[in-house]
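Chemist: pasting the sequence and the predicted coordinates here, then a few questions.
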There are 2 protein chains.
Amino acid sequence: MNFRAMRKASIISIGNELLTGQTASTNASYLSERLLSIDIPVISSYTIGDDIDSIARVLKLASSDADLVLVTGGLGPTDDDLTRQAFAKFLGVKLKLENELLERIQDFFSRRDLQMPEKTKIQAYIPAGAKAVDNNLGTAPGIRAESKGKLFFSMPGVPLEMKQMFEESVFAELKRFAGKQTVVVLKLNCFGAGESAIADLVERASSPLKHTARMAVPLMKRGRNPLINCTAQYGVITLTIIATAEDKDKAQRIAKRCEKTLRNILGELIYGAGEQTLAEVVGTKLAQQKKTIAVAESCTGGTLAKLLTDIPGASRYFTYGWVTYSNTAKTSELGIEADLIEKHGAVSPETAEAMAKGARKRAGTDFAIGITGIAGPDGGSEQKPVGLVYISVDSDNGCETKHFTFAHNRDFIRLQAAQTALNMLRLKL
Amino acid sequence: MNFRAMRKASIISIGNELLTGQTASTNASYLSERLLSIDIPVISSYTIGDDIDSIARVLKLASSDADLVLVTGGLGPTDDDLTRQAFAKFLGVKLKLENELLERIQDFFSRRDLQMPEKTKIQAYIPAGAKAVDNNLGTAPGIRAESKGKLFFSMPGVPLEMKQMFEESVFAELKRFAGKQTVVVLKLNCFGAGESAIADLVERASSPLKHTARMAVPLMKRGRNPLINCTAQYGVITLTIIATAEDKDKAQRIAKRCEKTLRNILGELIYGAGEQTLAEVVGTKLAQQKKTIAVAESCTGGTLAKLLTDIPGASRYFTYGWVTYSNTAKTSELGIEADLIEKHGAVSPETAEAMAKGARKRAGTDFAIGITGIAGPDGGSEQKPVGLVYISVDSDNGCETKHFTFAHNRDFIRLQAAQTALNMLRLKL
């Protein structure tokens, strides 16, 4: 294959369900970000239904100005999965049964004591001359093809399968496929302040420089190198530093210098880097310090326990959790006096504190968290509106209780409350 | 049914910023939903950068199989806004200055006591023979063009401006354009069997008809009316029925008949319709029957409690939950004999059963669920591999315990286990 200076990519998402406006194609944005991380810009992205002719036409169009075409979807076993047929049509070849693939698929079912459904056999066919790409999570193999100097990968549409295949079997080749310019991307994840507040902090810290002789460019200005992008998702603000240079070392130096500046400005607001979640950072700290945690949840109904136990190896520090949704459960499981709840209400700082203390006493852990609030949509009042949440963290150093008023909907309020609890714990570790 | 009568649409989103993976094109999904509401299905959606040749090529491709093409973006005043030039190129005409438009744009600025920037003048040009579409929120007018019997609208990319223009100046014409056809979409959600297994069941049930005089078309064949699409997400298999007819009643009848057939074939595998989740269906049934539920989770670590309490009003039936991650917690909170766990192991049918029974006894509920298993990635053995999960549902009718071996990763195993538990409970309600 002939390597040119700048390689460009196109992404094709296939599936009728993507065209009704109800299912978003998260695959395309995932792949765009990953390609950008290895210096391959995406110049077009197509979403089309399950139709052989349309898919073949779009493959032709996409490869007319891109060097690399990534396709997701349409590799399943049902009659509306037509990507492999369309690929064969586009390449001008027939589909060919690959016995090795068939064996692997049969094996997938027999290992689970299941009979292979007849329909699944189609997944053992790929266009003649193309190569199969391993799928370790499902039965549908991917397809790798080359045509007229262009490179094609076809992957499953299920995000989990697509990501695993992309990371394990596609990404390494694409890194080699990319050109010579290097880009270094660093991500800093913040929690505890909003997107504009963080952007303001960064801006204000960089503007005094304007008055010096150097007339520095504000940190977040477009077109600057490194470029800083700011995105927000469920309260986590991610600053992405994108540094470009002729070689990796130089790009790395530029990115690192910028990271240092941002860390100085934002301090404890930054909880982690890369793809780290709050629960991961908290879990690592707990494990390192050999500390344990118990949780007692009311309005979050298990969300905090789930976040903590999402992390492999959580049993090192997480042992007990209670979802005390009713007042009776708070009394019987955490030993909270019924009087206390009656006097202050189930949603009160006193109850949150009693939950945390009760949980810690019962579980015998170093830390315990109590959460009580109103997740909505109903149950709010003027004094205690939907979104009001009390969070207590109890430890040998005493019990800290804070109150918050989270906005948006039930899902957001619950997740935001659980994340905020993790953040309170993080700042104590 | 004459499929030719059906009007189909294509959507083109233009803008370099849409290709980095950070800005999603919400315009396309907005327009898809609006078009579907007037029975115009979207058959393709393209996202491309600001490049005249690419845009012109995609206009040609989109209109090759769609009757209507909606374009958003690239109408701004800066040098990277190239949609009107691309439109002229595609139509084979020149851009023409419209004096009336120029006056309106000048007026927009003078009403705000501003001088019109020179760059803005380009917005007064539209392809010769095309018509301008009013923009009441900004300066960029839209474009309406017809070519070879196809209809084109070009609108701004800013969602607020696009929506206002679409609703005020485009939608009414499209309603007339849609003509007489109507589309009815029904969704059936299944749980408890894989995608191929469900497709096989549907196929097998419809194939005997082949031998009758009618020679019926297999239910899932492409091009059939109604069309059945099959998608899978985290174990939920969704069958989407798309019925087309001259009037709503007939389309509704066709869809309903198909729904009935599928319900006959799939029976209890179908748990709900539309956007219903398993937790929602289970919650509704519990509330209707005035039954209560408690959960005791080990490997799912709160996932099941979270799914149940995701539903507003869950406090009507959900009161208690335990995350007994350690053996000590299983003993102290659920009253399970330490001997039992030692004899059979924490991951065993006996422990799952003891968890369910212990939880029900302690919480005094109608139902209780116990889940124990190995979510991985570590902790598996030859006898008890990662993915092995025991689920028990206890009630007055006794305790049912099942074992499963879920595949994929930790997240999937945990979610799949919690969903399967909900499904076991559903079948008892």
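Modeler: Now that the structure is in, tell me what you want to look at. Numbers count the residues shown, from 1 in each chain, chains lettered A, B, ... in the order given.

Chemist: chain center to the worst-scoring helix or strand of chain A on mean pLDDT, what's the gap?
Modeler: Within chain A, confidence by mean pLDDT, DSSP states H and E is lowest for strand A:227-233 among all helices and strands, at a mean of 73. Here the centre of strand A:227-233 is set off from its chain's centre by 14 Å, with Cα atoms, centre = their mean, to the nearest Å.

Chemist: CA-only coordinates of it, as CSV, when you get a sec.
Modeler: What follows is the C-alpha trace of strand A:227-233 in CSV, where atoms were taken according to Å, rounded to 0.1, in the frame of the first residue of the first chain:
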residue,chain,number,x,y,z
LEU,A,227,-5.8,23.1,21.3
ILE,A,228,-8.0,22.7,24.4
ASN,A,229,-11.5,21.4,23.9
CYS,A,230,-14.0,21.3,26.7
THR,A,231,-16.9,18.9,26.9
ALA,A,232,-19.3,18.1,29.7
GLN,A,233,-21.1,14.8,30.4
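
Chemist: strands paired with it, and their directions?
Modeler: strand A:236-245 (antiparallel) (DSSP bridges).

Chemist: quick one: contacts of the strand it pairs with?
Modeler: Residues lying outside strand A:236-245 but in contact with it, judged by Cβ atoms under 8 Å, 6 or more residues apart in numbering or on different chains, are A:36, A:181-191, A:193-195, A:198, A:202, A:225-232, A:251-252, A:254-255, A:258-259, A:262, A:277-278, A:419. Heads up, the C-betas are built off the backbone N, CA and C, glycines and all.

Chemist: cool, stretch A:92-109 as well?
Modeler: A:84-85, A:88, A:115-116, A:120-121, A:123-130, A:132, A:139, A:141.

Chemist: list buried residues within those residues.
Modeler: Neighbour counting with 16 or more other Cβ atoms under 10 Å in any protein chain shown marks A:84-85, A:88, A:116, A:120-121, A:123-127, A:130, A:132, A:139, A:141 as buried within the contacts of stretch A:92-109.

Chemist: of these, which ones also sit close to chain B?
Modeler: A:Thr120 (Cβ under 8 Å from any Cβ of the partner chain).

Chemist: ok, so of the buried ones among the contacts of stretch A:92-109, who is nearest B:Ala375?
Modeler: Distance to B:Ala375, by Cβ to Cβ, is smallest for A:Thr139 among those, at 22.4 Å.

Chemist: hang on, isn't that closest one packed against A:Gln123?
Modeler: Yes: with contacts defined as Cβ atoms under 8 Å, A:Thr139 counts as touching A:Gln123 at a distance of 5.5 Å.

Chemist: any shared contact partners between these two?
Modeler: Counting by Cβ under 8 Å, 6+ apart, the residues touching both A:Thr139 and A:Gln123 are A:77, A:105.

Chemist: what about the helices in chain A?
Modeler: Residue ranges of the helices in chain A, as given by DSSP state H, are A:26-37, A:52-65, A:83-91, A:99-110, A:159-165, A:171-177, A:195-206, A:248-266, A:278-288, A:303-309, A:327-334, A:338-344, A:349-363, A:410-426.

Chemist: so what touches the third one?
Modeler: Residues lying outside helix A:83-91 but in contact with it, judged by Cβ under 8 Å, 6+ apart, are A:14, A:52-56, A:59-60, A:71, A:73-75, A:94-95, A:122, A:125-130, A:143, A:145, A:147, A:152, A:154.

Chemist: got a list of what A:Gly76 touches?
Modeler: With contact set as Cβ under 8 Å, 6+ apart, A:Gly76 has these partners: A:123, A:140, A:156-157, B:195-196, B:230, B:232.

Chemist: what about the spatially closest residue to A:Ala279 that is not a sequence neighbour, distance to B:Leu59?
Modeler: Distances taken as Cβ to Cβ, 6 or more residues apart in numbering or on different chains put A:Leu307 closest to A:Ala279, at 4.4 Å, once the chain neighbours are dropped. For A:Leu307, the distance to B:Leu59 (Cβ to Cβ, to the nearest Å) stands at 47 Å.

Chemist: repeat for A:Lys291
Modeler: According to Cβ to Cβ, A:Lys291 stands 61 Å off from B:Leu59.

Chemist: try A:Pro312
Modeler: From A:Pro312 to B:Leu59 the distance is 50 Å (Cβ to Cβ).
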